[in-house]
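[1] sequence first, predicted model second:
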Amino acid sequence: MAKIRPGRVLLGGLVAGLIIIVGEYVLNGIILVEHWARMRLDFGIGAPGAAQIVGGGLITLSYGVILIWMYAAMRPRFGSDLKTILAAAYTFWFIAYGLFLLSVWTNGFVTAEIALISIAWGLVEAPLAALAGVTVYRSGQGSWRSAGRS
């Protein structure tokens, strides 16, 4: 049974986290910027400060590490091919995007529009982050494209 390589999980996870950070900036800082401005106005809060931005970035980097750890944990049972990468990505998506965003929507912290757009965005963002992170995790072991069970 293959062992999880913690250093590679961290490195691959940081790459995956950076992909998610870029994706979230595009979504929330460009595409949904007006929606968020209205939400902040409705809640009576200002734009996020440096502490919130740094904190959000660190949380998002940790999401990437968790995503790659999930892949590494799934590999011994499911193999190291694209199906396993997508299984990890969509399991992560379900928890981090689906359940979380539905929760904040049902509690009135975001609109249904923001929640649904963000959930849909994650359907692309999570697998892209997983592919990038797994490529780094597996570096030196061959490509995930040619990998079978290991």
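    That came through fine. Numbers count the residues shown, from 1 in each chain.

[2] if I look at S139, what pLDDT would I see?
    Per-residue confidence at S139 stands at 88 (pLDDT).

[3] identify the residue nearest it in space, chain neighbours excluded?
    R8 (7.7 Å; C-beta to C-beta, 6 or more residues apart in numbering). In short, each C-beta sits where N, CA and C put it, glycine included.

[4] any regions of the protein where pLDDT drops low?
    Applying pLDDT under 70 to the chain flags the ranges 1, 140, 142-150.

[5] and the lengthiest helix in it, which residues are buried?
    The longest helix of the chain (DSSP state H) is helix 50-78. Residues 57, 60-61, 63-72, 74-75 are the ones in helix 50-78 that count as buried (16 or more other C-beta atoms under 10 Å).

[6] one more: stretch 4-14?
    Buried-residue list, stretch 4-14, by 16+ other C-beta under 10 Å: R8, V9, L10, L11, G12, G13, L14.

[7] select from those residues every entry located in strands.
    Of those, none are assigned to strands by DSSP state E.

[8] which one of those is nearest to G29?
    Nearest to G29 among these is L14, at 20.5 Å by C-beta to C-beta.
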